[in-house]
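> Give me coordinates for this.
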Amino acid sequence: VTRPCLSIAAVMNWTGLESLVSGVNKYSTAFGRIWLSMVFVFRVLVFVVAAQKVWGDESRDFECNTRQPGCTNICYDHIFPISHIRLWALQLIFVTCPSLMVMAHVKYREGKDMKYVKLHPGSHLYANPGKKRGGLWWTYLLSLVFKAGFDSSFLYILHRIYHGYDLPRLSKCSLDPCPNTVDCFISRPTEKKIFMLFMVVSSALCIFMCICEMVYLIGKRIAKLLRIRRDNEKFLFAEQHELTEMAPRRSQDRRTDPTLTDSLSLNKEKIRKGGKSTAL
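Down below sits the predicted model:
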């Protein structure tokens, strides 16, 4: 009865953390939503539902071919300096905590905006407190760096402690108080290795999603700055070079037609001749 109660309590605790961290979805990009889904579907649920049961017998069913008192405990501590299940629990806590930085910054903005509205009715300090601009953009980017950094650090720690991502079927131990080199056996090493590789691959995918989101945010910011710079250059160019008329004025560009002057002179001569003839 105790184990089901403990597992239910663990699920409730992780569910509370999920509901708390899921609030960041409103301020996340598409990559951030995919990252959060991967964390709680492929890591938290696997950790709570399966991994804890698989590693629940690691200490009880660890055996060494000796009856020397204390030898089995010493060898177990040497082979497993820290339990996989506890290491992954710490990893999940550290990885999900940076998301709370974004929520705290948004709440700070909302409180600051409420105070501004009280002093200046009808106006707001922030049009959208959750918009990733200014300091919130840097906070969000820093949270991504922390997420990727924590996952990478725990993967390195796991690799360093266990000398790779493998669980040998047979381990040899020669520490005191063991009388000689004894053989120790881990219970269900193949199943535990599969779960360990699954958690490692899930962590690597989460790191990849964080890197993609960082590249997306930085690229979008650079594109926005370049667009603003290009618009400013166009505006300055329009101010410095006023638009001129495409065609000159007709009065300025009118030219005398020589044929027209010749015809006018001929008409004058005809009029003069006609006048003379009438006079005669």
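
> Quick one: mean pLDDT over stretch 224-231.
Average pLDDT, stretch 224-231: 87.

> so Thr72 makes contact with Arg60?
No: with contacts counted by CB atoms under 8 Å, Thr72 stays clear of Arg60, the gap being 10.9 Å. C-betas here are computed from N, CA, C, even on glycine.

> more neighbours, the two?
Thr72 (20 against 8; other CB atoms under 10 Å).

> ok, that one to Phe62 distance?
Applying CB to CB, to the nearest Å, the value for Thr72 to Phe62 is 7 Å.

> shared neighbours of these two, anything?
Listed as contacting both Thr72 and Phe62 by CB atoms under 8 Å, 6 or more residues apart in numbering are Cys184.

> centroid residue for this protein?
For the chain, the residue nearest the mean C-alpha position is Glu213 (3.3 Å; CA atoms, centre = their mean).

> Confirm for me that that residue is in contact with Phe31.
Yes: look at Glu213 against Phe31 with CB under 8 Å: they come within range, at 3.7 Å.

> so how far is Phe40 from Val49?
Counting by CB to CB, the gap from Val49 to Phe40 is 12 Å.

> For the stretch 101-250 of the chain, just list every one of the strands.
Here the stretch 101-250 of the chain has its strands, by DSSP state E, counting those that start in this stretch, at 170-173, 182-185.

> And the first one, what's buried?
Judged by neighbour count using 16 or more other CB atoms under 10 Å, the buried positions of strand 170-173 are 171, 173.

> Can you give the strand pairings for it, parallel or anti for each?
According to DSSP bridges, strand 170-173 forms sheet pairs with strand 182-185 (antiparallel).

> How about residues contacting the strand it pairs with?
Contact with strand 182-185 is made by 62-66, 71-72, 75-76, 79, 169-174, as judged by CB under 8 Å, 6+ apart.

> and if we set it to 10 Å?
Contacts to strand 182-185, defined as CB atoms under 10 Å, 6 or more residues apart in numbering, come from residues 61-66, 68, 71-72, 75-76, 78-79, 168-175, 178.

> Filter those residues down to just the buried residues.
Here, 16+ other CB under 10 Å leaves 62, 64, 66, 71-72, 75-76, 79, 171, 173, 178 buried among those.

> and of the residues you listed, the nearest to Leu144?
Using CB to CB, Ile79 comes nearest to Leu144 of the buried ones among the contacts of strand 182-185, at 35.5 Å.
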